[in-house]
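S.K.: my questions concern the predicted model and sequence given below.
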Amino acid sequence: KVEGNTVKITRGGIYELSGTLDDGRILVKAKGEDVVLILNGVNITCSNSAPIYVNKANSVTLLLNGTTENVITDGDSYDMTLEYSDLAKDEPNNCLYSKADLIIRGTGSLVVNANYNGGIKSNDNLSIINTNVTVNAENHGINGKDYLLIQNSTVKVTSGGDGLRSTQD
């Protein structure tokens, strides 16, 4: 459902996204469910939060379709009073932020321009498989909390902090 400039996904399933979303965000709130977002040439900017924010789900797969380039860009400050933001935990705090397992795959490409903090972060597992990802981040580039798996992919990271990291043992 669309509420203002927020596209809210509340059920598991497959969703195809294309086109431009100016100063908006994709919010996934599908507790315990698996969600597939087919990115088919998206350009999403959000001046005050994460352009793609997975608040609740079992897992989310970003499928980068065909030869499309998909670009997400955040602003240089976040509004932690927005719906589903948590000031106490400072989240979301990355341009692509997930509280669930996150898988990025497909023959297209993803460009993440993180002007606030980090580029891509999953608070669970993060897998980048058979795809192309470019991250330009003020702080850490790509962070999988439980693990970070990169397989058969081209990954380019420019960051002010760690390029690639996993924060669990």
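M.R.: Yep, that arrived.
S.K.: just want the most central residue of the chain.
M.R.: Leu96 (2.4 Å; CA atoms, centre = their mean).
S.K.: that one contacts Ile120, doesn't it?
M.R.: Yes: with contact defined as CB atoms under 8 Å, Leu96 reaches Ile120; the gap is 4.5 Å. The C-beta positions use only the backbone N, C-alpha and C, and glycine is treated the same way.
S.K.: what sits in contact with each of the two?
M.R.: Common neighbours of Leu96 and Ile120 are listed as 102, 112 (criterion: CB atoms under 8 Å, 6 or more residues apart in numbering).
S.K.: so what's the backbone phi/psi at the closest residue to Leu149 other than its chain neighbours?
M.R.: Excluding the flanking residues, the one nearest Leu149 by CB to CB, 6 or more residues apart in numbering is Ser127, at 4.5 Å. Backbone torsions for Ser127, taken as degrees, to the nearest 10, come to phi -120, psi 130.
S.K.: the spatially closest residue to Gly106 that is not a sequence neighbour - how many residues pack around it?
M.R.: Leaving aside its chain neighbours, Gly106 sits nearest to Leu64 (3.5 Å; criterion: CB to CB, 6+ apart). Leu64 has 25 neighbouring residues, counting by other CB atoms under 10 Å.
S.K.: next one: Arg11
M.R.: When neighbours are counted by other CB under 10 Å, Arg11 registers 12.
S.K.: now do the SS call for the closest residue to Ser166 other than its chain neighbours.
M.R.: In this structure, Ser166 finds its nearest non-sequential neighbour in Leu148, 4.5 Å apart by CB to CB, 6+ apart. Going by DSSP: H, G, I helix; E, B strand; the rest coil, the secondary structure assigned to Leu148 is strand.
S.K.: where does the chain have its least confident helix or strand?
M.R.: Ranking every helix and strand in the chain by mean pLDDT, DSSP states H and E puts strand 2-3 at the bottom, with a mean of 92.
S.K.: which pLDDT value goes with Arg169?
M.R.: Just to correct that, residue 169 is Asp rather than Arg. With respect to pLDDT, Asp169 scores 67.
S.K.: now do the same end-to-end measure for stretch 22-37.
M.R.: Using CA to CA, to the nearest Å, the end-to-end distance of stretch 22-37 comes out at 18 Å.
S.K.: ok, stretch 124-137 next?
M.R.: 20 Å.
S.K.: quick one: buried residues of it?
M.R.: For stretch 124-137, a neighbour-count test (16 or more other CB atoms under 10 Å) marks 124-128, 131-137 as buried.
S.K.: all set, thanks.
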